[in-house]
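1. Provide a 3D model corresponding to the input given below.
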Amino acid sequence: MCGIIGMFGSNFDREQLDAMVLSQCHRGPDASGVYVSPSRMAALGHNRLSILDLSNAGRQPLSTPSGRYWIVFNGEIYNYLELRQELSAHYTFRTGTDTEVLLVAYQTWGEDCLDRLIGMFAFAIWDERERRLFAARDRFGVKPLHLYEPGDGELWLASEIKAFHAAGVPAEPDTATWATYLASGMYDHGARTFWRGIRRLLPGSCLTWSEDGGVHERVWYDPAVTALSLGPDSRSEDEVGEELLNLLTESVNLRFRADVPVGICLSGGFDSSLLLGLVHRLQGKQSTVKTFTFYCGDPAYDETPWVKQMLAETRHPSSFCRLSVDEVPDLAARVQATQDEPFGGLPTLGMAKVHEQACAEKVVVLLDGNGLDEGWAGYDYYAQAEAIDGSVGPVQGARQEKASTCLCGEFARQAVPFIPARPFGDSLLDLQYRDLRYAKIPRSMRFADRVSMMYSRELREPFLDHRIVELGLRQAADRKTRDGVGKWLPRRVAQQLLPDGVREAPKRPVQTPQREWLRGPLRDWVETQLETVSGELGGSWFEPGAMKQRWQQYRDHGGDNSFFLWQWVNLGLMLQNQGVSSRA
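-> From the prediction side, this is the model:
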């Protein structure tokens with residue numbers, strides 16, 4: 001995992017390039033490099049986190065021997081060994097990296113190389129002869145890629161938004177994005193970011209740029225298109241279960257490819273149980289892969305007893321990473337500085353503790369269980385798919401309406417209605433599609449990428465392998481939800497995987513005591529953030545009186561949803577750290 005920079009056109013300068021590269025050094029502390037083309041039409045920058053071929057040969061930007069093609073790449077191509085073998089018939093490789101494999105794949109197959117890749121990636125390839133850029137992002141947007149067009153036909157790209165600000169791009173808020181987020185809770189569901197003029201390349205999309213032709217973007221992958229083209233899966237449950245088990249096993253196996261230590265993010269739930277079972281299937285009961293678990297010390301939310309039970313009859317070294325209430329204010333400010341945009345509350349802080357500990361123990365790569373719920377309908381609300389309004393985000397629901405009444409009318413009217421595509425014409429499948437393309441996955445991938453990169457760790461998502469997701473989308477509803485239980489077929493498959501001692505905790509909708517902490521021991525900190533928001537944005541974005549009343553109601557009487565309050569706290573952190581209001 002790394003950080004990448006690109007500047008295309010003739011008006012950039014070296015100081016801007018160097019500033020952008022420096023701003024992303026946390027993404028790649030092992031090396032940095034730049035390339036400025038002889039034509040001065042392109043500049044590439046890279047921060048390297050060494051995962052494969054730790055030698056200097058793996059440094060980027062990397063070129064083909066002729067010097068025609070240059071690449072900067074962030075992510076992993078998990079099937080790089082298979083592709084390398086195929087490409088070796090007509091190319092002699094100089095490194096052991098997947099970066100070189102990707103570059104040669106593009107040289108050989110052009111843009112069609114994307115369909116052959118199994119991985120998470122964002123990359124930019126400059127063709128010096130044609131003076132043409134090709135850039136792409138992986139199928140589900142695990143790796144980020146942001147775009148900015150400064151004018152005169154130029155294009156800049158970067159892994160993180162802060163790189164543009166480091167190069168002098170004003171940090172002006174995109175008020176429509178903010179209004180949408182504060183009114184409805186939706187974020188990371190489109191190309192717009194929270195900063196004016198800066199957008200993201202959408203998941204499964206690619207682009208080309210040339211001086212004469214400008215920017216052209218297209219979608220190269222959509223899970224609905226693939227699933228619909230293949231049609232419903234008519235095979236028996238046993239046949240599908242066998243394929244699912246094989247795909248799960250292969251996916252985990254591929255994600256252990258690394259020249260550095262690999263660990264596992266472990267909770268007490270089903271996905272972690274399945275992941276651990278797959279590791280044991282591949283490595284045997286003697287596996288000594290390190291595991292990392294965060295907890296908050298509150299018995300009502302503590303999964304450590306189940307994790308300890310899971311590990312009791314294994315040889316896995318385990319680290320339990322406690323998030324204490326006293327460290328929340330400082331840690332939240334530091335996490336916000338790396339996120340650049342609003343993030344997901346205390347669970348994200350808990351993951352920061354995991355990556356901090358992994359860094360201390362020199363475990364560079366971590367696997368977790370994201371993706372199975374969306375691909376195989378694991379969330380409780382999927383059982384009531386027909387009754388759910390897909391245009392409402394899954395976190396906030398109708399409960400967000402109380403908080404939206406605290407917004408000023410003119411500001412609230414800038415909110416953009418969220419109208420998700422419904423390609424399947426089936427309530428369950430369209431809800432899964434919403435979560436994969438617009439809601440759950442886009443935002444969780446951003447949170448996970450930034451918080452892991454905060455500590456220069458690489459996070460891999462074996463259950464978000466596109467083949468596993470596509471298989472889930474093609475199944476009948478009763479293979480995914482049955483008797484009110486989600487992920488039915490994966491649960492059936494898992495029974496043959498769970499080794500002795502591995503058990504899963506009861507399903508828990510909330511991972512942290514965020515609700516209790518915000519109105520309890522963190523009350524003074526919350527009020528400080530709300531005072532900042534009210535002082536800076538009262539009368540323009542918020543109605544201070546309504547905001548104060550809503551906070552007092554929650555503080556004194558509680559509630560079952562603290563999302564609106566976290567939005568305000570998070571905005572307060574951004575006002576203090578990133579100067580949102582000075583240009584609002």
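
2. okay, now the closest residue to Asp340 other than its chain neighbours: neighbour count?
-> Leaving aside its sequence neighbours, Asp340 sits nearest to Ile161 (CB to CB, 6 or more residues apart in numbering; 4.1 Å). Where you see a C-beta, it was placed from the backbone N, CA and C, and this is true even at glycine. Per other CB atoms under 10 Å, the neighbour tally for Ile161 reads 23.

3. ok, Ile161 - contacts?
-> Contacts for Ile161 were tallied using CB atoms under 8 Å, 6 or more residues apart in numbering; they are His146, Thr193, Trp195, Ile198, Asp340, Glu341.

4. mind doing that once more with 7 Å?
-> His146, Thr193, Trp195, Ile198, Asp340 (CB atoms under 7 Å, 6 or more residues apart in numbering).

5. Gly168 now?
-> Gly168 makes contacts with Gln16, as judged by CB under 7 Å, 6+ apart.

6. that one sits in which helix or strand?
-> Take DSSP states H and E as the rule and Gly168 turns out to sit in neither a helix nor a strand.

7. so what does it look like in phi/psi?
-> Here is the backbone geometry of Gly168 (degrees, to the nearest 10): phi 110, psi 0.

8. equivalent analysis for the one 10 residues further on, please.
-> Summarising the backbone geometry of Trp178 under the convention degrees, to the nearest 10, its torsions are phi -60, psi -40.

9. so it makes contact with Trp195?
-> No. Using CB atoms under 7 Å as the test, Trp178 is too far from Trp195 to be in contact (9.9 Å).

10. sorry, back to before: just the contacts of Ile161: which are in strands?
-> His146, Ile198 (DSSP state E).

11. buried subset of the contacts of Ile161?
-> Using 16 or more other CB atoms under 10 Å as the burial test, the contacts of Ile161 include His146, Thr193, Trp195, Ile198, Asp340 as buried.

12. so who does the first one touch?
-> This points to His146. By CB under 7 Å, 6+ apart, the contact list for His146 reads Leu157, Ala158, Glu160, Ile161, Thr193, Ile198, Arg200.

13. pull up the gap between the second one and Arg450, please.
-> Applying CB to CB, to the nearest Å, the value for Ala158 to Arg450 is 13 Å.

14. next, show the common contact partners of Trp178 and Trp195.
-> Between them, Trp178 and Trp195 share no contacting residue, judged by CB under 7 Å, 6+ apart.

15. count residues in the vicinity of the residue nearest to Met1 when sequence neighbours are not counted, would you?
-> Residue nearest to Met1 in three dimensions, not counting chain neighbours: Glu458, with 3.9 Å by CB to CB, 6+ apart. Using other CB under 10 Å, Glu458 has 26 neighbouring residues.

16. beta partners of Glu458?
-> The bridge-partner assignment for Glu458, based on DSSP bridges, gives Val365.

17. how about it, what does it touch?
-> Met1, Leu49, Ile51, Val364, Val365, Ser452.

18. what pLDDT is listed against the nearest residue in space to His466 that is not next to it in sequence?
-> Spatial nearest neighbour of His466, excluding adjacent residues (CB to CB, 6+ apart): Arg139 at 4.8 Å. Note on Arg139: pLDDT of 98.
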